[in-house]
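# Make a model of this:
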Amino acid sequence: MFEIAPHLALILIGVAFLAGFVDAIAGGGGLLCVPALLLCGATPLQALATNKLQGTVGSGTALVTFALAGQIKPRGHLGMALVSLAFGAGGSLVAGAMPAGLLRFIMPPVLIAIALFFAFKPGLDDQSRKARMSNTAFGALIVPLIAGYDGFFGPGTGSFFMMALVMLTGLGVLQATAQTKMLNFASNLGAALVFALSGATWWWVGGAMALAQVAGSTLGARLAVRVGARLIKPLLVLTSSGMALRLIWQAWF
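Residues are numbered from 1 along each chain as shown. Presented below is the predicted three-dimensional model:
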């Protein structure tokens, strides 16, 4: 039975609230939760599994909030969501088969690479653009890649979905962010189910973090409709980079 010090549990709950808030607006909440879980003693597989548990609840909360605000039409994107669920589950099967030492080695560089992507991605707005790809092609070619990544690792998936929807399907940032929640929820759910069967999930820690995610996601989704993602970007880059560098120091020194 895993035990964690109360002060570490409180830290993880606080991180989950912030991650839910960030994820609902800009995506990338896993950049906060995965390193935090590792720093609190989780193995890479335990960190990924527990992050998926609380992340599924958070993305589901954001999905409901956007839907109630009239920003999502679930029936129109059900096919994409099913593809996302299947490939999210497949990615987690790959992660579960990898040696823990290899996951610990590759996680910090991947975190830094994603943080750099967020830092230098071009500015976007809420104006719709000409679509470069149909929804059918997007669902068949792009969704499997991003959802598979989500199941395998996860942090940054929401931002990747959002960026791809904006650049390839022509949606504005707000519309893309809303649609992203459905795809991200599906990939999270598929991965969480597979990880649950592996026995790697920290259930009570993940459950407490999930409750914090609900609060953070609700607040973030409501703010996203009014403001957008620009206020979150600097915080996300700085925090994720700092945690990644801390993991490198911990592993190599």
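
# From now on I want contacts and neighbour counts done on CA atoms only, so please keep to that.
Will do.

# element containing Leu37, please.
Counting by DSSP states H and E, the element that carries Leu37 is helix 30-39.

# which non-adjacent residue is nearest Ala191?
Take Ala191 and drop its neighbours on the chain: the residue closest to it by Cα to Cα, 6 or more residues apart in numbering is Ala89, 4.2 Å away.

# Give me the contacts around the helix or strand hosting that neighbour.
Per DSSP H and E: Ala89 is located in helix 78-97. Here helix 78-97 makes contact (Cα atoms under 8 Å, 6 or more residues apart in numbering) with 45, 139-140, 143-145, 147-153, 182-184, 186-195, 198.

# please redo it, this time with the cut-off set to 6 Å
Residues outside helix 78-97 that contact it (Cα atoms under 6 Å, 6 or more residues apart in numbering) are 139, 143-144, 147-148, 150-152, 183, 186-187, 190-191.

# Tabulate those residues (CSV), appending neighbour count, distance to Lys130 and secondary structure.
Below are those laid out as CSV (neighbours: other Cα atoms under 10 Å; distance: Cα to Cα, whole Å; DSSP: H, G, I helix; E, B strand; the rest coil):
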residue, neighbour count, distance to Lys130, secondary structure
Gly139, 20, 18, helix
Val143, 26, 19, helix
Pro144, 22, 23, helix
Ala147, 34, 24, helix
Gly148, 26, 27, helix
Asp150, 30, 27, helix
Gly151, 34, 30, helix
Phe152, 23, 32, helix
Leu183, 31, 21, helix
Ala186, 27, 27, helix
Ser187, 35, 27, helix
Gly190, 27, 32, helix
Ala191, 34, 33, helix
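
# do you know how far Arg46 is from Asp23?
In this structure residue 46 is Gln, not Arg. Per Cα to Cα, to the nearest Å, Gln46 is found 21 Å from Asp23.

# And the two? Which one has more around it.
The neighbour count for Gln46 versus Asp23, taken as other Cα atoms under 10 Å, is higher for Asp23 (34 against 22).

# Which strand or helix spans that one?
Using DSSP H and E, Asp23 sits in helix 6-25.

# for Leu102, same thing?
Counting by DSSP H and E, the element that carries Leu102 is helix 100-120.

# So what's the model's average confidence on that helix?
Mean per-residue pLDDT for helix 100-120: 67.

# for stretch 47-66, same thing?
What stretch 47-66 shows for mean pLDDT is 88.

# what residues does that stretch touch?
Applying Cα under 6 Å, 6+ apart, the contact partners of stretch 47-66 are 20, 24, 34, 37, 181-182, 185, 188-189, 192, 195, 201-202, 206, 209-210, 213-214, 217, 221.

# do that again at 7 Å, thanks
20, 24, 30, 33-34, 37-38, 72, 153, 178, 181-182, 184-185, 188-189, 191-192, 195, 200-202, 206-207, 209-210, 213-214, 217-218, 221 (Cα atoms under 7 Å, 6 or more residues apart in numbering).
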